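In: from the sequence below, what's the structure:
(one chain, ligands or ions: 1)
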Amino acid sequence: SSKKRLPPGSMGFPIIGHTPTLLEAMRANKDEEWLNERIKKYGPISRMSLFGTPTIFLSGLAANKFMYTRDGNTLGSHQPTSIRRICGEKNIFELTGDDHKRVREALVSFLKPDALKQYVGKVDEEIQLHLNQFWNDQSNVVVMPLMKTLTFNVVCTLIFGIEPGVRRDILVRLFEKVMEGMLSLPINLPFTRFHSSLQASKKVKAILIELIKEKREALGKNSISSHNDLITALLSIRDGQNQSVISDEEIVDNAFVIMIGAHDTTSILLTFLVRLLARDPSIYTAIAHEQNEIAKSKKLGEHLTWEDLSNMKFTWRVAMEMLRMHPPMTYSFRRTLKEIEFGGFLIPKGWQVVWNASMTHKDEAIFPDPLKFMPRRFEQQATNNSTNIPPYSFVAFGAGARRCPGNELARIETLAMIHYLVTRFRWQLSCEDDSFYRDPMPVFNRGLPIQIHRKQPL
Ligand code: HEM
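Out: Numbering: from 1, shown residues only. Have a look, this model is predicted:
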């Protein structure tokens with residue numbers, strides 16, 4: 001390895017390295033510019049110091065492909081310490097090798113399209129409850145917090161099997177506390193954000209342990225089905241010797257991490273879509289046309305079905321293009337478990353590797369006129385499942401062995417919510433400031449307030 005070179009770059013100031021400047025750029029929504037400056041100076045592979053760790057930053061299609069196709073023995077998963085401590089050591093983002101495969105297979109058995117088909121009605125019901133409670137009698141709403149409430153409730157129903165009521169209300173409040181310290185300095189002293197987050201996460205986990213006990217008993221008495229929710233599904237998976245495949249600790253940590261991963265991401269996509277439909281009447285009209293045709297084919301009170309969602313092709317193309325322009329998750333972190341080589345440079349063992357995968361979404365060579373919103377880029381993919389987009393370049397859901405297993409659930413929630421919004425309401429932005437920053441996921445500065453108007457029923 002003495003012949004190989006470290007990538008160019010600098011490690012910045014001791015300990016803090018490049019952390020404050022990158023975080024500041026994110027908060028000003030200028031991190032892509034900051035990274036592009038770096039690429040101009042050092043090329044697509046450079047070294048820096050982030051979150052107190054020596055880091056290699058990679059960029060471009062070749063880097064995406066390289067990172068997403070490495071095996072679990074070369075690259076381990078790696079999250080900032082605060083996230084790892086709050087979510088727990090057994091959450092899927094922390095697992096590698098066979099453990100990762102086993103837990104992922106269990107989650108996918110519940111989240112794959114064939115299994116999710118039967119839950120479209122449940123998601124539909126949750127959306128109708130939400131609209132009755134928060135939208136129907138209002139003339140002004142703030143979109144982002146409402147979308148978070150909706151996606152939280154959907155996940156409560158599907159993942160935890162917790163009906164609306166006191167327990168769900170307690171969980172909402174606890175999760176709000178958990179989120180506050182997710183990306184914080186991991187200093188566990190009273191009055192730190194990290195401390196109160198950690199305390200809240202302990203309370204959530206105690207509720208989950210109680211829930212597992214109740215569900216195990218109910219499964220034993222056959223008073224609940226193994227398909228009731230993700231927890232009952234995981235409890236019911238057995239190996240050849242009739243032993244549980246997933247431990248209780250793994251169920252708790254993964255139910256917890258899915259709750260976080262699932263509700264923040266989809267709520268961001270929905271908020272961007274509401275903003276787009278307020279700004280662009282032609283897209284609103286085209287989506288409303290597609291959704292009205294589906295609404296007309298339904299009987300009064302009939303839920304949407306999997307087939308209805310498959311007919312929402314234009315709406316999904318718009319959502320995909322939105323994910324290209326504003327992916328909720330852009331940064332991925334891994335740690336090298338061995339010394340590796342990429343692009344002629346050495347990446348030492350134990351270093352952090354970070355890449356902003358979605359910078360390829362703005363690469364002109366892959367997506368011509370990248371700053372223009374053009375849903376037809378995804379036309380071919382939506383009609384015959386093939387694509388003219390090169391592999392590893394559209395990575396809103398990641399790629400490879402860690403590709404997002406929740407993408408189908410995100411699709412169901414997004415399409416069903418947009419269906420009910422455009423068939424029932426028109427809306428306009430009620431504040432000039434519709435900007436957002438990254439923390440590291442997009443956060444709308446004013447939460448996106450809108451004025452809404454009820455439409456006449458079809
Ligand atoms: C629009 C919505 C969503 C987006 C944009 C999104 C994005 C992503 C991305 C980019 C990754 C890969 C991260 C990496 O490689 O470092 C990922 C992983 C993951 N996502 Fe999602 N996600 C969404 C919704 C969901 C939902 C609804 C669920 C659960 C029901 C979910 C559960 C997960 C899990 C468990 C992983 C880890 C997979 C593994 O490590 O094997 N996500 N997601």
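
In: so which residue is smack in the middle of the protein?
Out: With distances taken as CA atoms, centre = their mean, the chain has residue 265 as the residue nearest its mean C-alpha position (3.5 Å).

In: host element of the residue nearest to that residue when sequence neighbours are not counted?
Out: Distances taken as CB to CB, 6 or more residues apart in numbering put residue 328 closest to residue 265, at 4.3 Å, once the chain neighbours are dropped. To be clear about C-beta, it is placed using only N, CA and C from the backbone, and glycine gets the same treatment. With secondary structure defined by DSSP states H and E, residue 328 is part of neither a helix nor a strand.

In: and the pLDDT at residue 328?
Out: At residue 328 the predicted local distance difference test score is 94.

In: before we move on, back to that, wait, what's in contact with the residue nearest to the centre of the chain?
Out: With contacts defined as CB atoms under 8 Å, 6 or more residues apart in numbering, residue 265 is in contact with 328-329, 406, 410, 441.

In: CA atoms of stretch 300-307 as PDB?
Out: Taking C-alpha atoms only, stretch 300-307 is exported to PDB below (Å, rounded to 0.1, in the frame of the first residue of the first chain):
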ATOM      1  CA  LEU A 300     -69.300   5.800  -2.800                       C
ATOM      2  CA  GLY A 301     -66.900   5.000   0.100                       C
ATOM      3  CA  GLU A 302     -65.000   2.300  -1.800                       C
ATOM      4  CA  HIS A 303     -61.300   2.300  -1.000                       C
ATOM      5  CA  LEU A 304     -58.500   2.600  -3.600                       C
ATOM      6  CA  THR A 305     -57.000  -0.700  -4.700                       C
ATOM      7  CA  TRP A 306     -53.500  -1.800  -5.900                       C
ATOM      8  CA  GLU A 307     -54.900  -1.700  -9.500                       C
END
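
In: burial of the residue in the stretch 301-450 of the chain that the ligand sits nearest to, as a residue count?
Out: Of the stretch 301-450 of the chain, the residue with the smallest distance to the ligand, taken as CB to the nearest ligand atom, is residue 406 at 2.0 Å. As a burial measure, residue 406 scores 20 neighbours (other CB atoms under 10 Å).

In: touching, it and residue 264? I think so.
Out: No. Contact status for residue 406 versus residue 264: not in contact, 11.4 Å apart, counting by CB atoms under 8 Å.

In: quick check: end-to-end length of stretch 79-98?
Out: Using CA to CA, to the nearest Å, the end-to-end distance of stretch 79-98 comes to 19 Å.

In: contacts for it?
Out: Contacts made with stretch 79-98 from outside it, assessed by CB under 8 Å, 6+ apart, are listed as 51, 72-73, 76-77, 100, 103-104, 107, 178, 181-186, 194, 197-198, 201, 205, 247, 249-250, 252-254, 256-257, 260, 333, 337.

In: repeat that with 7 Å
Out: Contacts to stretch 79-98, defined as CB atoms under 7 Å, 6 or more residues apart in numbering, come from residues 51, 72-73, 76-77, 100, 103-104, 107, 178, 181-184, 186, 194, 197-198, 201, 249-250, 252-254, 256-257, 333.

In: got the end-to-end distance for stretch 432-449?
Out: With CA to CA as the measure, stretch 432-449 spans 10 Å from end to end.

In: look at the closest residue to residue 306 other than its chain neighbours and tell me its secondary structure.
Out: In this structure, residue 306 finds its nearest non-sequential neighbour in residue 117, 4.4 Å apart by CB to CB, 6+ apart. Following DSSP: H, G, I helix; E, B strand; the rest coil, we place residue 117 in the helix state.

In: from memory residue 117 sits against residue 305, does it?
Out: No. With contact taken as CB atoms under 7 Å, residue 117 and residue 305 are classed as non-touching, separated by 8.4 Å.

In: next structured bit after the helix or strand where residue 34 lies?
Out: In the assignment (DSSP H and E), residue 34 maps to helix 31-42. Downstream of helix 31-42, the next assigned helix or strand under DSSP H and E is strand 45-50.

In: show me what that following strand packs onto, helices and strands only.
Out: Here strand 45-50 touches strand 53-58, going by 3 or more CB pairs under 7 Å, 6 or more residues apart in numbering; DSSP states H and E.

In: and the strand it packs on, which strands flank it?
Out: Its sheet considered, strand 53-58 pairs with strand 45-50 (antiparallel), strand 352-356 (parallel) by DSSP bridges.

In: ok, now how distant is residue 42 from residue 20?
Out: Residue 42 sits 19 Å away from residue 20 when distances are taken as CB to CB, to the nearest Å.

In: looking at the two, which has the bigger crowd around it?
Out: Counting neighbours by other CB under 10 Å for residue 42 and for residue 20 shows that residue 42 has the greater number, 16 against 11.

In: any idea of the pLDDT on the nearest residue to that one once chain neighbours are set aside?
Out: For residue 42, ignoring the flanking residues on the chain, the nearest one in space by CB to CB, 6+ apart is residue 8 at 4.5 Å. Residue 8 carries a pLDDT score of 92 in this model.

In: residue 8 - how many residues pack around it?
Out: When counting by other CB under 10 Å, one arrives at 12 neighbours for residue 8.

In: before we move on, back to that, isn't the residue nearest to residue 265 right up against residue 442?
Out: Yes. Contact status for residue 328 versus residue 442: in contact at 6.5 Å, counting by CB under 7 Å.

In: contacting residues for residue 351?
Out: Residue 351 makes contact with 54-56, 336, according to CB under 7 Å, 6+ apart.

In: reformat those residues as CSV; add distance to the ligand.
Out: Shown next, in CSV, are the contacts of residue 351 (distance: CB to the nearest ligand atom, whole Å):
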residue, distance to the ligand
54, 19
55, 15
56, 15
336, 15
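
In: could you find the closest non-adjacent residue to residue 52?
Out: Excluding its sequence neighbours, the residue lying closest to residue 52 (CB to CB, 6+ apart) is residue 15, at 5.8 Å.

In: what is the burial count for that neighbour?
Out: Residue 15 is surrounded by 8 other residues when neighbours are defined as other CB under 10 Å.

In: what about it, which SS state?
Out: In three-state terms, and counting by three-state DSSP, residue 15 is coil.

In: dihedrals phi and psi, it?
Out: Note on residue 15: backbone dihedrals following degrees, to the nearest 10 are phi 60, psi -60.

In: with adjacent residues omitted, what lies nearest to residue 43?
Out: Counting by CB to CB, 6+ apart, the residue nearest residue 43 is residue 8, at 6.8 Å.

In: report the separation between the one you found and residue 37.
Out: Between residue 8 and residue 37 the distance is 14 Å, computed by CB to CB.

In: go on, residue 184?
Out: When distances are taken as CB to CB, residue 184 and residue 37 turn out to be 27 Å apart.

In: nice, that's everything, thank you.
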